[in-house]
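A.B. asks: No sequence on hand, only this structure:
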C-alpha cells in the first residue's frame, strides 16, 4: 500500500489522469490514449505484462532479422533484457512491482530455460531435469510459477511448478502428464490448467488444495490470470465448441464475458477492480483479433473504439495485461507493442470533437 500511495502522489503531481472512476466522475467517459512503445531495432514487437508503475514487458525483434529479445519499457525507453550466455531468443511474460521479470531464454538447440531478471541481471531458474521449461507469473513477494519438462521425456510432458527461495517444487495435480501454472497472486493462489484425457481443464490451487474450475457447458477451459481477490480469467468452451472469455469468481461462479461481434474470445488479465482485458475474434477468423475491456458495469467493449490517437488503419488487436490503475499493455494490428493510458473526457468534449456517438455521448 505504501508503494501504491507513493505512485499516486507522483502521478498526480505530474498531471497524469489515472482513470479511477469516482461518483463525481459520472458525467465523464474513461477513454484511452495510445502510445506506440517502439521496437529494439526491428519491425515488430508485442507486450505481455505491466506492473503498477507502468513498466511494460514483452518481446521485440532486434536490428538483426529473426533475432528476438525480451524487453522492459520504462520512462519512455525500451531496453533489451538480454539472453542466457549465447542463446538466440528470449521472452518476458510478467513483471511485479519490485521490477522482477520472468520469462525464458532459448538456445540454438531449442532448449527453453526459465529465467528471472532483476537489478543484478539475468538468472537461470532450476528445472525438473528436462530441457523445456518456462516461467510465466511472478507475485509481489517474488514467488514464480510456470512449467517444466521431466528428464528423458518428450517436450509435451510438462508439469506445473512453483519457484521460491527454497528452489523448485513440482505442483502437478491429479497424476496428469501435462499441467501448467500461469499466474499467482499475493496470497499464493495459483491458476493454470491440466490435461484430462483429451481435454484441457482450468485449475486453481489454494490452501484447500486443487480445485477444478468449470466450463460454460463444453469440455475444455484454461485459466490465465488471478487477481488478489481470487477472481480468475481465461477461456471456457461452450456446448457448441465455441470458446468465450470467462471469469471464475472467488465464490465459485462462472461468468460468460461474451465475444462482442465475434464468435471466439479469451481473457488474459484482471485487475483488483475486476476490469478484464483480452481479445475477441471476428467472423471465426483467429487472425482478425480485436482487443476488449470488460467490466460488470459496461460489459465487453472494443478497446479500439475507446482509444484516441490510433494511427490510420490500425486497431488494438491484443490486450495482454491491465494494472490496478487501468493502464493496459497491448499489441496493435501491425504488431507493435503499445500502452493504453486511461484519461477522463467529458461528454461535452467528446461532442465538441464530433465523436459523441463513438464514445457513448449522444446528445439527448
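C.D. replies: Cool, the structure landed. A quick note: this is a predicted structure, and the numbers were derived from the prediction, not measured.
A.B. asks: from here on, contacts and neighbour counts on C-alpha atoms
C.D. replies: Fine.
A.B. asks: which is the next helix or strand following the lowest-mean-pLDDT helix or strand in the chain?
C.D. replies: Ranked by mean pLDDT, DSSP states H and E, the weakest helix or strand in the chain is helix 2-13, scoring a mean of 27. Counting by DSSP states H and E, the next helix or strand C-terminal to helix 2-13 is strand 28-36.
A.B. asks: Partner strands of that next one and their direction?
C.D. replies: Paired neighbours of strand 28-36 in the sheet (DSSP bridges): strand 307-308 (parallel), strand 337-346 (antiparallel).
A.B. asks: hang on, residue 93 packs against residue 136?
C.D. replies: Yes - with contact defined as C-alpha atoms under 8 Å, residue 93 reaches residue 136; the gap is 5.6 Å.
A.B. asks: Would you mind grabbing the residues shared as contacts by those two?
C.D. replies: Common contacts of residue 93 and residue 136 (C-alpha atoms under 8 Å, 6 or more residues apart in numbering): 102, 103.
A.B. asks: re the thing from before, deepest-packed of the strands paired with strand 28-36, please.
C.D. replies: Highest mean neighbour count among the strands paired with strand 28-36 (mean count of other C-alpha atoms under 10 Å): strand 337-346, with a mean of 22.
A.B. asks: any residues touching it, and which ones?
C.D. replies: With contact meaning C-alpha under 8 Å, 6+ apart, strand 337-346 is reached by 17-19, 27-39, 44-47, 58, 307, 326-332.
A.B. asks: Now do the helices in this structure.
C.D. replies: Assigned by DSSP state H, the helices in the chain fall at 2-13, 347-352.
A.B. asks: and the gap between residue 110 and residue 87?
C.D. replies: For residue 110, the distance to residue 87 equals 9 Å [C-alpha to C-alpha, to the nearest Å].
A.B. asks: what are the ranges of the strands in the stretch 251-364 of the chain?
C.D. replies: In the stretch 251-364 of the chain, the strands defined using DSSP state E, counting those that start in this stretch lie at 254-256, 264-270, 276-281, 289-295, 299-302, 307-308, 316-322, 328-332, 337-346.
A.B. asks: Kindly reformat the ones you listed as CSV containing mean pLDDT and distance to residue 206.
C.D. replies: As requested, those are exported to CSV (pLDDT from 0 to 100; distance: least, C-alpha to C-alpha, whole Å):
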stretch, mean pLDDT, distance to residue 206
strand 254-256, 98, 18
strand 264-270, 97, 18
strand 276-281, 97, 22
strand 289-295, 97, 25
strand 299-302, 97, 28
strand 307-308, 96, 37
strand 316-322, 98, 23
strand 328-332, 98, 27
strand 337-346, 94, 32
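A.B. asks: Take the ones you listed and lay them out in CSV including distance to residue 232.
C.D. replies: Listed next are the strands of the stretch 251-364 of the chain as CSV, based on distance: least, C-alpha to C-alpha, whole Å:
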stretch, distance to residue 232
strand 254-256, 10
strand 264-270, 7
strand 276-281, 10
strand 289-295, 13
strand 299-302, 16
strand 307-308, 26
strand 316-322, 13
strand 328-332, 17
strand 337-346, 22
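A.B. asks: Report how many residues lie close to residue 42.
C.D. replies: By other C-alpha atoms under 10 Å, the residues close to residue 42 number 16.
A.B. asks: Actually, residue 116.
C.D. replies: The tally of other residues near residue 116 (other C-alpha under 10 Å) stands at 22.
A.B. asks: Could you verify my assumption that it touches residue 125?
C.D. replies: Yes - using C-alpha under 8 Å, residue 116 is in contact with residue 125, at 6.9 Å.
A.B. asks: Give me the pLDDT for residue 174.
C.D. replies: On the pLDDT scale, residue 174 is placed at 86.
A.B. asks: Please read the previous query as pertaining to residue 152.
C.D. replies: 79.
A.B. asks: Setting aside sequence-adjacent positions, which residue approaches it most closely?
C.D. replies: With C-alpha to C-alpha, 6 or more residues apart in numbering as the criterion, residue 152 has its nearest non-adjacent residue at 6.7 Å, and that residue is residue 130.
A.B. asks: check contacts around that neighbour.
C.D. replies: 148, 149, 150, 151, 152, 153.
A.B. asks: Residue 232 too?
C.D. replies: Shown in contact with residue 232 (C-alpha under 8 Å, 6+ apart): 191, 223, 224, 225, 226, 247, 248, 249, 250, 270.
A.B. asks: Relative to residue 30, how far out is the third one?
C.D. replies: Going back to what we said before, that points to residue 224. Residue 224 is 26 Å from residue 30, by C-alpha to C-alpha.
A.B. asks: More neighbours: which of those two?
C.D. replies: Just comparing residue 224 and residue 30: by other C-alpha under 10 Å the higher neighbour count belongs to residue 224, 26 against 20.
A.B. asks: Quick check: the more buried one vs residue 147, distance?
C.D. replies: Counting by C-alpha to C-alpha, the separation of residue 224 from residue 147 is 13 Å.
A.B. asks: okay, and for the stretch 51-200 of the chain, where does confidence drop off?
C.D. replies: 154-155 (pLDDT under 70).
A.B. asks: ends of stretch 116-124, how far apart?
C.D. replies: End-to-end span of stretch 116-124 (C-alpha to C-alpha): 7 Å.
A.B. asks: List of residues touching it?
C.D. replies: Applying C-alpha under 8 Å, 6+ apart, the set of residues contacting stretch 116-124 from outside is 81-84, 99-103, 113-115, 125.
A.B. asks: which two in the residues you listed are spaced the farthest apart?
C.D. replies: Spatially, the most separated pair among the contacts of stretch 116-124 is 99 and 113, at 20.2 Å (C-alpha to C-alpha).
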